[in-house]
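Asks: kindly generate the corresponding structure for this input.
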Amino acid sequence: MALKSTIFKATLQIADMDRGHYQDHSLTIARHPSETDERMMVRLLAFVLHADDNLEFTKGLCVDEEPALWLKDLTGSLDHWIDVGLPDENRLRKACSRARQVTLYCYGGRSARIWWERNAEKLRRFGNLQILNLPADVTGSLADLVRRSMEFHCSVQDGQICLGDATTNLVIEPETLLQGHGNGTPLESTRQIQHRR
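Replies: Below is the predicted model:
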């Protein structure tokens, strides 16, 4: 018998000063049986950074042809393809040909570094691709926040993300590996990662 997805609820109070987005979002997140808490929380962080009424979680790991999240315009065309993990160059090439803008949040510590070294030259040719790296200590701290029902306050200013619940606050500054020419989230290139508990 196939295992079913686990359902999580998340309420986000978002104040994104970089994009001028100030809104609460109530989300239902389905975690595939093979998905880790870490990956699910990276998806949630990606939602925070691109929050929009029309931004949707996709079927994700259930469907190879879909990213973690996407934003479509009124005609159904793909405006923004947002993915997480360490996909192969072929997947990103297809995404860049399908969507106006593509953003990838990679993570995994040393694995992410090796992935970037192997793929950097091939990926730099895609002008609509943005890649940001979240080091392992960041994503590990995010995974520690997982509950079946979650409430987070989130603020974004000058590329710095503050995310927390009633007991924990994290300050995260993703490292920009590749900055595309699209109209993406204006995150500054930095290697500084901070945590506050």
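
Asks: in three-state terms, label the residue nearest the centre of the chain for me.
Replies: Closest residue to the average C-alpha location of the chain: residue 46 at 2.6 Å, with Cα atoms, centre = their mean. Here residue 46 is helix, with the state taken from DSSP: H, G, I helix; E, B strand; the rest coil.

Asks: ok, it - contacts?
Replies: 68-69, 82, 84, 103, 105 (Cβ atoms under 8 Å, 6 or more residues apart in numbering). Quick note: C-beta positions are derived from backbone N, CA and C, even for glycine.

Asks: gap between it and residue 121?
Replies: Separation of residue 46 from residue 121 (Cβ to Cβ, to the nearest Å): 25 Å.

Asks: so which of the contacts of residue 46 sit within helices?
Replies: In helices, defined here by DSSP state H, there are no members of the contacts of residue 46.

Asks: would you map the strands across this structure?
Replies: Listed in chain order, the strands of the chain (DSSP state E) span 6-16, 21-31, 55-57, 69-72, 78-84, 101-107, 129-134, 149-157, 160-164, 169-172, 175-178, 194-196.

Asks: in TSV, list the ones you listed along with distance to residue 39, mean pLDDT and mean neighbour count.
Replies: Listed next are the strands of the chain as TSV, based on distance: least, Cβ to Cβ, whole Å; pLDDT from 0 to 100; neighbours: other Cβ atoms under 10 Å:
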stretch	distance to residue 39	mean pLDDT	mean neighbour count
strand 6-16	13	97	16
strand 21-31	8	96	14
strand 55-57	12	96	16
strand 69-72	13	96	19
strand 78-84	6	97	23
strand 101-107	8	98	25
strand 129-134	11	98	24
strand 149-157	15	98	16
strand 160-164	16	96	19
strand 169-172	16	96	18
strand 175-178	18	96	19
strand 194-196	19	40	11
